[in-house]
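Asker: My questions are about this predicted structure, shown below with the sequence.
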Amino acid sequence: AQSVTQLGSHVSVSEGALVLLRCNYSSSVPPYLFWYVQYPNQGLQLLLKYTSAATLVKGINGFEAEFKKSETSFHLTKPSAHMSDAAEYFCAVSPSGFQKLVFGTGTRLLVSP
Amino acid sequence: NAGVTQTPKFQVLKTGQSMTLQCAQDMNHNSMYWYRQDPGMGLRLIYYSASEGTTDKGEVPNGYNVSRLNKREFSLRLESAAPSQTSVYFCASSESGSGNTIYFGEGSWLTVV
């Protein structure tokens, strides 16, 4: 079965610091991978997705993620955190040929001044 | 831009009561989904509908039923609510085919007492 593991339920950074949120996937076939963001009391919004084109994927709000098959990873980064980035971030996998998303447990990003 | 609309946004039920969560999308998507979100567990798929007239169980279908009323609408019914069904429920939709972005509604907060 396909799955994703997000390391760290909470990550704290200072404003202006590098953001790194980790995601590792388990899949026997090349998957589609997604990062979603959830602001308080809102639904989920797509940040970016990997669909087997470029391995470095750029998303909204300055975020990007790199697909590394050898490490089965799809970590999310942003060079400089902003206060408005404080939210919960979910990594998700959609096995090739299936539409359903399987989500990780989420990482809450805290940004301090 | 309505996107995916869910009602109600908040509901308190007594154990054993029934209720239906309504969902409608205006993006002409074939596929629709119901997820539940619980702390520390990410989002888990309850039911999905790949196209009008079809529904399939997801990861946690017990205690729920769904109806794909037409292409736009996909409802989730709790026949006899239990405290374990206290959760935030998200409806979502997407184009057919793997790798397509899944768009989420704002969520419905359900408390069963």
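Answerer: Perfect, I can see it now. Since the structure is predicted, the reported quantities are computational estimates derived from the model, not experimental observations.
Asker: tell me which parts of chain B are close to chain A?
Answerer: Proximity of chain B to chain A (C-beta under 8 Å from any C-beta of the partner chain) is limited to residues B:4, B:31, B:33, B:35, B:40-45, B:48, B:50, B:58, B:90, B:94, B:96-107. No exception for glycine: its C-beta is placed from N, CA and C like everyone else's.
Asker: and A:Ser80, how far is that from chain B?
Answerer: A:Ser80 is 26 Å from chain B, where distance means C-beta to the nearest C-beta, to the nearest Å.
Asker: Which parts of chain A are strands?
Answerer: Along chain A, counting by DSSP state E, strands occupy A:3-7, A:10-14, A:19-26, A:32-38, A:44-50, A:56-58, A:64-68, A:73-78, A:87-94, A:102-103, A:107-112.
Asker: for the residue nearest the centre of chain A, what are its contacts?
Answerer: Geometric centre of chain A, nearest residue: A:Trp35, 3.6 Å, by C-alpha atoms, centre = their mean. Residues near A:Trp35 by C-beta atoms under 8 Å, 6 or more residues apart in numbering or on different chains: A:21, A:23, A:46-49, A:59, A:63, A:65, A:74, A:76, A:89-92.
Asker: Skipping its backbone neighbours, what lies nearest it in space?
Answerer: The shortest distance from A:Trp35 to any non-neighbouring residue, by C-beta to C-beta, 6 or more residues apart in numbering or on different chains, is to A:Leu47 (4.3 Å).
Asker: Contacts for stretch B:68-85, please.
Answerer: B:13-26, B:28, B:30, B:32-34, B:46-47, B:49, B:52-55, B:63-67, B:89, B:91, B:93, B:110, B:112-113.
Asker: in which helix or strand would I find the residue nearest the centre of chain B?
Answerer: To find the centre residue of chain B, average its C-alpha atoms and take the closest one (C-alpha atoms, centre = their mean): that gives B:Trp34, at 2.7 Å. Assigned by DSSP states H and E, B:Trp34 belongs to strand B:31-38.
Asker: Mind listing the residues bridging to the closest residue to B:Phe10 other than its chain neighbours?
Answerer: Once flanking residues are discounted, B:Phe10 sits nearest to B:Trp109: 4.9 Å by C-beta to C-beta, 6+ apart. On the basis of DSSP bridges, B:Trp109 is bridged to B:Phe10, B:Val88.
Asker: Kind regards, and thank you for your time.
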